[in-house]
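Colleague: Turn this into a structure:
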Amino acid sequence: MKYHYVYYSYENWGRGYIGSRTSEVAPEKDVDYLGSYYDKSFNPTNKIILEVFEDRRQALEAEIKLHAFYQVDKNQHFANKARQTTTRFICCGPRSEEFKQNLSKRIKGRKLSPEHVQKVSAARSKKLKGRKFSEEHKQKISNSLKGKRFGVRMGKRTRRDSRKIFLKNLTTGEIFQFPSISRASEATGIARSNIYSLLKNPLYTAKGYQVVQQDST
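Modeller: Next up, the predicted model:
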């Protein structure tokens, strides 16, 4: 028999790590496993089981949702270097309040060293360059964008009343409307060049925001 669960491992008064695990022993007995992290400076000593699932897919869905909610690739508290983003499984609904509070209690009051803050800052400044997509992936993106209208078209000027920018906060789910790219940049702290990138490819994200189509409410 195999067990599938989502866990949170952490250092005493330090950082934490969210992951999913498939084990041949019951989660409460799987005490030696503290995560598949790659950060050698992360030394967890504790682990809590957030939830147990019937199959691997459900556990992965929960991990994806938590990674997105806490922005583990940007949040200084987490040792995760990237989010779990296996899109074929990203279909889970919201987790229970008890589930969220269980993790939130473990995070509050933890302090990060200046060295770690600096490392996180450096990592966030890096951008993905030269990324290549398969023809199948390009076609899926093309199909998803058909019929959508955006306030700015790259390389062309549009009328003032069609330059509205809609950005979604991926943490809260709120959608904000801005009259121009400049206003959006001032309000969110996202560089203008990055907003152009978001408009060019709405699948990208920047500082926890993502472009949504103009008629979103």
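Colleague: Tell me if I am right that I18 is in a strand.
Modeller: Yes - applying DSSP: H, G, I helix; E, B strand; the rest coil, one finds I18 inside a strand.
Colleague: Isn't it up against R83?
Modeller: No - applying CB atoms under 8 Å as the test, I18 and R83 come out as separate, 9.6 Å apart. (Glycine included, C-beta is placed from N, CA and C.)
Colleague: Straight-line length of stretch 164-175, end to end?
Modeller: The straight-line separation of the ends of stretch 164-175 (CA to CA, to the nearest Å) is 13 Å.
Colleague: Pull up the overlap in contacts between I18 and R83.
Modeller: Taking CB atoms under 8 Å, 6 or more residues apart in numbering as the criterion, I18 and R83 both touch H67, V72.
Colleague: neighbour-wise, which of the two wins?
Modeller: I18 (24 against 19; other CB atoms under 10 Å).
Colleague: nearest spatial neighbour of that one, skipping sequence neighbours?
Modeller: L66 (5.2 Å; CB to CB, 6 or more residues apart in numbering).
Colleague: From the contact counts, what lies against the helix or strand where that neighbour lies?
Modeller: For L66, the host element (DSSP states H and E) is helix 56-70. Applying 3 or more CB pairs under 8 Å, 6 or more residues apart in numbering; DSSP states H and E, one finds that helix 56-70 contacts strand 3-10, strand 16-23, strand 46-53, helix 97-107.
Colleague: Understood, closing this out.
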